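**Q** How does the following fold in three dimensions:
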Amino acid sequence: MPSSPSSTTPAPTSTPAVGREPSGKGPSGAAARLFLPLIALCTAVTAANIYLAAPLLPLIAHDMGSTPSAVAWLASVAQLGYAAGLLFFAPLGDSVNRRRLVAVLSLVAAAALLAAAAS
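**A** Below is the predicted model:
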């Protein structure tokens, strides 16, 4: 007796494993499970850094021999820099090669850190 169309099972489809790209170049296994928490941690640390100087302003002012209101701009500049990065650099990931963008931004950040250390 032939089976009705509703009782047949659909043909299996090939779907990539969770956390893997179809090309097979994506993370797999333990790396795939740790990747999202790593990104979340990096995002949290980055966002927390823009607020880090605010409670330290009185100490910074004391060490520099100034008043807290005179160094208050430090916290504002950090937040404006973060906002500018989101506004100008985040959209570049949609139009520029991401590997090259990350490499260039990493080199610029390293140069800025060297300049800050030298000053």
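**Q** low-confidence ranges in this structure?
**A** 1-28 (pLDDT under 70).
**Q** if I pick Val108, what's in contact with it?
**A** For Val108, the contact set (C-beta atoms under 8 Å, 6 or more residues apart in numbering) is empty. Placement of C-beta: from N, CA and C, glycine included.
**Q** and the gap between it and Leu74?
**A** 21 Å (C-beta to C-beta, to the nearest Å).
**Q** How about Leu114?
**A** 20 Å.
**Q** One more: Leu105?
**A** For Leu105, the distance to Leu74 - C-beta to C-beta - is 22 Å.
**Q** which residue is nearest the centroid of this structure?
**A** By C-alpha atoms, centre = their mean, the chain has its centre lying nearest to Thr43, at 5.0 Å.
**Q** out of Leu114 and Leu74, which sits in the busier spot?
**A** Leu74 (15 against 10; other C-beta atoms under 10 Å).
**Q** Where does that one sit, in terms of helix or strand?
**A** helix 73-88 (DSSP states H and E).
**Q** by contact count, what packs against that helix?
**A** If you count contacts as 3 or more C-beta pairs under 8 Å, 6 or more residues apart in numbering; DSSP states H and E, helix 73-88 packs onto helix 30-49, helix 57-64.
**Q** could you measure Asp63 against Ala72, distance?
**A** Plainly put, Asp63 is 15 Å away from Ala72 if you go by C-beta to C-beta.
**Q** Comparing the two, which residue is more hemmed in?
**A** Neighbour totals were compared for Asp63 and Ala72, and Ala72 leads with 15 against 10 (other C-beta under 10 Å).
**Q** Can you tell me the closest non-neighbouring residue to that one?
**A** Nearest non-adjacent residue to Ala72, counting by C-beta to C-beta, 6 or more residues apart in numbering: Leu57, 6.1 Å away.
**Q** Kindly report the same for Thr46.
**A** In space, Thr46 is closest to Tyr82, 7.9 Å off (C-beta to C-beta, 6+ apart).
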